[in-house]
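>>> Need a 3D model of the following:
(chains A and B)
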Amino acid sequence: MGTNRHVGRARVRRPTGRAKVDRAVGTAQTPERAPTGVLPAGDEPPPPVFVDATGQRRRRLRRIAYGAGLAVLLLLLLLWLSQLGGPVQPAP
Amino acid sequence: MTIYRSDRPGSETTTSGHLPAVRRRRTFLRWVVALSVLALLGNLLLVEAYANARFDPDGSSGQPGSTAGVPAAIRDGGPVIDATGAKPRSSRPAARTIALTFDDGPDPRWTPQILDVLAENHVPATFFVVGSQVARHPQLVRRAAAEGHEIGVHTFTHRRFAELPEWQRDLENSQTQMAIAYAAGVTTSLFRPPYSSSAEALDDEGWATVREAGAAGYLTVLTNVDSRDWTRPGVDAIVRNATPDGTAGAVVLMHDAGGDRAQTVAALRRLIPELKQRGYRFSTVSAALDAGPGKANPPAGLSDEWRGRALVWSVQLADGTVWLLWWAVLAVGLLTLLRTLMLFLFAATHARRRRAKSWSWGAPVTDPVSVIVPAYNESVTIGPAVRSLALSAHRDVEVVVVDDASDDGTGEAVEALGLGNVRVVRVPSGGKATALNTGAAMARHDLIVMVDADTVVERDSIHRLVQPFGDPKVGAVAGNVKVGNRTGVLGRWQHIEYVIGFNLDRRLYDSLGCIPTIPGALGAFRRKALQDVGGLSVDTLAEDTDLTMAIHRAGWRVVYEESARAYTEAPATLRQLWRQRYRWSYGTMQAMWKHRRSIVEAGPSGRFGRFGLPFIAAFTVLLPLLAPLLDVLAVYGAVFLDRWETIAGWLAVLVVQTVTAILAFRLDKEPLRPLWALPLQQFAYRQVTYLVLLQSAVTALTGRRLGWQKLHRSGEVAARSGG
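Presented below is the predicted three-dimensional model:
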């Protein structure tokens, strides 16, 4: 606005009383999870894909892998021993 | 591209949170597993190489050496030599007695036919078997023994014995005994050296072999009538050759393996009745001797049978494994070839279409653009990045920097630039996806560009990037990201990879409408598309891939604008590269798994799920996961197969890759000089890319939780942009 004239004054009255203040009865919850006008921040985020929080899948797989790994090493050892453990010759 | 950490320094989530001692034990056990896999594969390949030692048919014997050491009595004696005692003796079959002998078997095609002919004529014979063949066809040896034939040893791999070291000669015969013990339950005291013929032809080396066999308890069985059937001279000639002179007894040499033995089978059908008519009787070798030592095949002990079982099983397992490997390599080769052809075809077509004068996305887009830059501790790089964005040549650009609780003054660094169209939004720590969502909510405009804080754009990049929105169906646009720090071999390798990835792969995906990722370093979105999919989600580590797939499924087109370029800072050390790729490949797997239901859905989601998703899975996960095969077989081929053929094959692969790279560089008008680093890529970089994928797959299977650490920034790209 180019011309900004004052056209009058607002009338200010004397206060007519006081608000009554009681003792506090508790603390209000802070609105951390409350939806805001700007952001959708209401829900718990979904759990990450693949993650197994209990660790059960991991333990089971680990047991299988170690069992199989040791079995393989044992079998290989047996194979080598069987092939190199003394010659097989014709019966005298 | 930023490796944005979703966890703070305090929370040590890169580890499982266990005590160091527990962690050490786990690491140790992990090595045990990896070692056993490698040991198994190595052993199987070794067994295969051993059992497949080069094989020349009998008769192609080398030059005869000196014969001075061979006793005259042996040279002039019979074909069966007993050198078990102090004084070697030789003997010959009794008059009018024929011992038919068959070498080199068993063979799955010809041995049964020969056994049939022998059975029809009620004639026994002797089979000198090759151990590796026995391991492959034990049932044939079992049948031969059950039908009353004798079995003799003809070594394990049919090698020229004199050329082998002593331990290997022992092993060859020993293992053949084991295989026979497993197959037929017998041992044998008969031995015939490979490439041997008559006693007359024995040279010093041959005689040494005979002595050695004798010392081990073997009777060496040579021959005095050679049918020469291995030269395939015709049925008549074989019958003629195999017929002894006069009434003399004979050990007749024939073959039941090592090539086409149809002539041998046909000759036998004539030879046996003819000789019978002339009064000959047929017998096994040991029964034919005038002074025979008795039964040649006593029953084998239990331990020999079990040792044979171990041998036979490992040979068959090795055969199966190598067969599988070759088929897998064939599949990989065909898939790679298909991919290369598609890349060439689609990328070239794509480039030609985009470069045509008539090409346009629609009306020029001049709508205002909001650029969101999420940043966590990027004070080194953020200044130049934000400046390049804020000074973009587009009508109205606002830059929203979302400072994700940095503690290095990132926000202050931006504010210090004093640029009017840049805002800093400080948010509590929450990760990249949340920061981007916040930025999108704070952005004023409906075209939203997301750029990493370590990425510098060209002046017209933003303008070009949003041009595809002239097409109302386009919901998201991928930009052309380049490596800014191309120094060092690692930088060059990544540069090559990026140029190929953005100029061939992405053009191919664009042509087929299934771009898997809008790179976090430079991408543009319609606000409507972001709202349709509910913004970015925090449940995968590759929020960009996840978002892109969601936008596909919501029915928007996702396109690639190659003229919008950005320069990002690539990892400068192998360790950082590993982290980055781990996050990418694990995140891509997460995103694909998250969107798996699209395969069965209807509409645009189903279209993406049934076409785009399998395509992406095949070429970004399956094919790279099979890549180690190439290395395994290259090593196997170089050591055990024809070295030159292996090198030629390997070079052929390299040539294909080089041609592909040259095409990509040409399409992007990049100088070809850095391509010298391409051959070197085969030796560390390629392995990193597939090992990371392997690690990601294992992590996905076990369900371990991952945390991420921030990439170390050198600020090199930012410095050179003149920030």
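
>>> Can you name the residues of the stretch 1-150 of chain B sitting close to chain A?
Residues of the stretch 1-150 of chain B lying close to chain A (CB under 8 Å from any CB of the partner chain) are B:29, B:32, B:33, B:35, B:36, B:37, B:39, B:40, B:43. (C-beta placed from N, C-alpha, C; glycine too.)

>>> correction: the stretch 501-650 of chain B
When proximity is defined as CB under 8 Å from any CB, the stretch 501-650 of chain B approaches chain A at B:534, B:535, B:537, B:538, B:539, B:540, B:541, B:589, B:590, B:591, B:593, B:594.

>>> picking that back up, Serialize the residues of the stretch 1-150 of chain B next to chain A to a markdown table and add fields for neighbour count and secondary structure.
Listed next are those as a markdown table, based on neighbours: other CB atoms under 10 Å in any protein chain shown; DSSP: H, G, I helix; E, B strand; the rest coil:
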| residue | neighbour count | secondary structure |
| --- | --- | --- |
| B:29 | 15 | helix |
| B:32 | 16 | helix |
| B:33 | 19 | helix |
| B:35 | 13 | helix |
| B:36 | 21 | helix |
| B:37 | 14 | helix |
| B:39 | 15 | helix |
| B:40 | 18 | helix |
| B:43 | 19 | helix |
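
>>> May I have the residues that are in contact with whatever residue of chain A ends up closest to chain B?
In chain A, no residue comes nearer to chain B than residue A:52, which is 2.9 Å away by CB to the nearest CB. By CB atoms under 8 Å, 6 or more residues apart in numbering or on different chains, residue A:52 lies in contact with A:58, B:702, B:703, B:704.

>>> one more time with 10 Å, if that's ok
Contact partners of residue A:52, counting by CB atoms under 10 Å, 6 or more residues apart in numbering or on different chains, are A:58, A:59, A:60, A:61, B:701, B:702, B:703, B:704, B:705.

>>> Which helix or strand contains residue B:559?
strand B:557-568 (DSSP states H and E).

>>> partners of that strand, with directions?
strand B:455-457 (antiparallel), strand B:474-483 (parallel) (DSSP bridges).

>>> Of those, which stretch is the most buried?
Of all the strands paired with strand B:557-568, strand B:455-457 has the most neighbours on average by mean count of other CB atoms under 10 Å in any protein chain shown, namely a mean of 27.

>>> in the chain, which residue is closest to the centre?
Defaulting to chain A. residue A:47 (6.0 Å; CA atoms, centre = their mean).

>>> nope, chain B
Nearest residue to the geometric centre of chain B (CA atoms, centre = their mean): residue B:629, 0.9 Å.

>>> you'd agree residue A:19 is in a strand?
No. Remark: residue A:19 does not belong to a strand; assigned using DSSP: H, G, I helix; E, B strand; the rest coil, it is coil.

>>> pretty sure the residue nearest to the centre of chain B is touching residue B:336, no?
No. The criterion here is CB atoms under 10 Å, and residue B:629 misses it with residue B:336 at 11.2 Å.

>>> What is the neighbour count of the residue of the stretch 551-700 of chain B found nearest chain A?
Closest residue of the stretch 551-700 of chain B to chain A, CB to the nearest CB: residue B:590 (3.9 Å). Around residue B:590 there are 23 other residues, counting by other CB atoms under 10 Å in any protein chain shown.

>>> secondary structure element for residue B:338?
Secondary structure from DSSP H and E places residue B:338 in helix B:302-355.

>>> what's the average pLDDT for that helix?
Regarding helix B:302-355, the rounded mean pLDDT is 92.

>>> Cool, thanks, signing off.
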